[in-house]
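[1] Attaching a predicted model along with its sequence, questions to come.
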Amino acid sequence: MIRCILLLVPVLLAGSSHAGGQTDTPATATSLHGFPYAYYTPETDWAFGGTAIVTFRPGGDPALNPSSVTLDAFYTIKKQFKCSVEPEIYLSGNRYLLSGSIGYGKIVDKFWGIGPRTADSDSTEYVKGMFQIQLRGQVLLLEHLKCGVLVEFERVWMIDRERSSLLRGEKTPGSQGATSSGAGIALSWDSRDNIFFPTRGSFHQLEYTVFGDLLGGGYAYQRTLLDLRTFMPVGNAVIGVQVYGMAVGGTTPFWRLALLGGDYIMRGYYLGRYRDNVTVASQAECRVMIVGPFGAAAFLGAGGVAARPGEFRVDQLEPSYGAGLRFMLDRKEKLTLRVDAGFGSGTSGIYFDVREAF
């Protein structure tokens, strides 16, 4: 079970700022929102950090989707830390999209092994250092359809792998740390009415990435990702449905396998509690604003992992369910702060983030 206590104190660090004589309109406003947080897990002890997100429209173009840059950082009593930056920039009337993520840290992670039936164990923890960067550029080809390229680079070094009984040898790819680098193509279809809190429309994405020694990578493998989302209003509520799949082939570092769990899909499971060459998961979520900036959500999902697509079995699927609260940080852009409690088979987790899970 994931044991954690989360203390969340939302604070608006800033309102809206303006430059160049722009008027105070939803189209031109630049907004900064942020909040501190504290949490406790047996792996990290007490941790303290903060998240901030700035939203804006380059050049004040009212036709643009709102661009954003999200920053997050935390530090634990056990001297672990992680810093990350995630930009998402829309340009030229939404014709171009530039996005990515950069992260650096020293963190405690867990490894239960590979496959759908890995056993619980007290010796799953390990400590790693990591630096990762992903950059993506896409251009609009047709209405709603974008095509582009992506590049990834990640360096992981083992600080303490002796805690994990499965990483003490050299049989598991990546058990001694490794560099992973690759490049690929991405297609996306986006007809959502709002990128932060969609009430109708769809977002579909397909990626194919090849990893090798092009940028110094130590392993050769391929990754295919499919993410299908659709949204529809039902009365005062919004129903969102997501189907997600990932498949890898080749010699893949264990932390780059298809993982189940985390903040976004299969909430309630530690990210990587189950991992293999293939993972498939789906979830449905009902979101409703109740009064003023306050709302709520409930979600239900299922997913599993397998060595090959043909080996998926219904009796090996894991359930995921839960509920959460919403606070509308920015009513003009419909930017939400979410706090979710997720549950699975003998496990649970509490999650918070700026933006919806999907």
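    Structure's in. What do you need?
[2] Show me where the stretch 251-358 of the chain dips below the pLDDT cut-off.
    Scanning the stretch 251-358 of the chain for pLDDT under 70 picks out nothing.
[3] if we go to 90?
    Where the stretch 251-358 of the chain drops to pLDDT under 90, the residues are 310, 312-316, 330-332, 352-354.
[4] Please enumerate the strands of it.
    Applying DSSP state E, counting those that start in this stretch to the stretch 251-358 of the chain gives strands spanning 258-260, 274-276, 278-291, 294-306, 318-330, 335-343, 348-354.
[5] Equivalent analysis for the stretch 1-150 of the chain, please.
    5-8, 16-17, 30-41, 45-56, 67-76, 81-91, 96-110, 125-142, 145-160.
[6] Name the residues of the fourth one that are buried.
    Under the neighbour-count criterion of 16 or more other Cβ atoms under 10 Å, strand 45-56 has 47, 49, 51-56 buried. All C-beta spots, glycine's among them, are computed from the backbone N, C-alpha and C.
[7] before we move on, what about stretch 115-131?
    Under 16+ other Cβ under 10 Å, the buried positions of stretch 115-131 are 116, 118, 124-128, 130.
[8] Rebuild these as CSV, extending it with distance to residue 142 and pLDDT.
    Formatted as CSV, the buried residues of stretch 115-131 follow (distance: Cβ to Cβ, whole Å; pLDDT from 0 to 100):
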residue, distance to residue 142, pLDDT
116, 39, 94
118, 44, 93
124, 47, 89
125, 48, 90
126, 46, 93
127, 47, 93
128, 42, 95
130, 38, 97
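[9] For residue 101, state which of the residues you listed is nearest.
    residue 130 (12.2 Å; Cβ to Cβ).
[10] contacting residues around that closest one?
    Residue 130 makes contact with 103-107, 154-157, according to Cβ atoms under 8 Å, 6 or more residues apart in numbering.
[11] which of these lies closest to residue 223?
    Taking the contacts of residue 130 together and measuring to residue 223 by Cβ to Cβ, the closest member is residue 154, at 12.2 Å.
[12] I'd guessed the closest one sits against residue 182; true?
    No: look at residue 154 against residue 182 with Cβ atoms under 8 Å: they stay out of range, at 9.3 Å.
[13] So between the two, which is more surrounded?
    Between residue 154 and residue 182, counted using other Cβ atoms under 10 Å, the more crowded position is residue 182 (23 against 20).
[14] now stretch 32-40: mean pLDDT?
    Averaging pLDDT along stretch 32-40 yields 88.
[15] For it, C-alpha coordinates in PDB please.
    Written as PDB, here are the backbone C-alpha positions of stretch 32-40 (Å, rounded to 0.1, in the frame of the first residue of the first chain):
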ATOM      1  CA  LEU A  32       0.700  33.600 -12.200                       C
ATOM      2  CA  HIS A  33      -0.700  31.200  -9.700                       C
ATOM      3  CA  GLY A  34       1.100  29.000  -7.200                       C
ATOM      4  CA  PHE A  35       0.800  27.100  -3.900                       C
ATOM      5  CA  PRO A  36       3.200  25.600  -1.400                       C
ATOM      6  CA  TYR A  37       2.700  22.000  -0.200                       C
ATOM      7  CA  ALA A  38       4.000  19.400   2.300                       C
ATOM      8  CA  TYR A  39       3.700  15.700   2.300                       C
ATOM      9  CA  TYR A  40       5.000  12.600   4.100                       C
END
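[16] Please renumber the chain so that the first residue is 811 from this point on.
    Taking 811 as the first residue, the last one we looked at is stretch 842-850.
[17] Next, the buried residues of it.
    842-847, 849-850.
[18] Then stretch 1065-1077?
    Across stretch 1065-1077, burial judged by 16+ other Cβ under 10 Å covers 1065-1072, 1074-1077.
[19] quick check, nearest of those to residue 1003?
    Compare each of the buried residues of stretch 1065-1077 with residue 1003 using Cβ to Cβ and the shortest gap goes to residue 1074, at 20.7 Å.
[20] what's the closest non-adjacent residue to the closest one?
    residue 1167 (4.8 Å; Cβ to Cβ, 6 or more residues apart in numbering).
[21] wait, that neighbour sits on residue 1076?
    No: counting by Cβ under 8 Å, residue 1167 does not reach residue 1076; the two are 10.2 Å apart.
[22] tell me, what's touching those two both at once?
    In contact with both residue 1167 and residue 1076: residue 1093, using Cβ under 8 Å, 6+ apart.
[23] Low-confidence ranges, the stretch 861-1010 of the chain, go.
    Along the stretch 861-1010 of the chain, segments meeting pLDDT under 90 span 868-874, 888, 903, 929-934, 971-981.
[24] Leaving out chain neighbours, which residue sits closest to residue 881?
    residue 862 (5.0 Å).
[25] Quick check: beta-bridge partners of the one you found?
    Taking DSSP bridges as the rule, residue 862 bridges to residue 844, residue 881.
[26] same question, residue 877
    With beta bridges defined as DSSP bridges, residue 877 has these partners: residue 866.
[27] now it: how far from residue 1122?
    39 Å (Cβ to Cβ, to the nearest Å).
[28] neighbour-wise, which of the two wins?
    residue 877 (20 against 16).
[29] now the more buried one: how far from residue 977?
    Applying Cβ to Cβ to residue 877 and residue 977 gives a distance of 40 Å.
[30] next one: residue 1015
    Taking Cβ to Cβ, one finds residue 1015 at 32 Å from residue 977.
[31] who's more crowded, these two?
    Shown here are residue 1015 and residue 977; by other Cβ under 10 Å, residue 977 has more neighbours (23 against 16).
[32] residue contacts, the more buried one?
    921, 936, 968, 971, 985.
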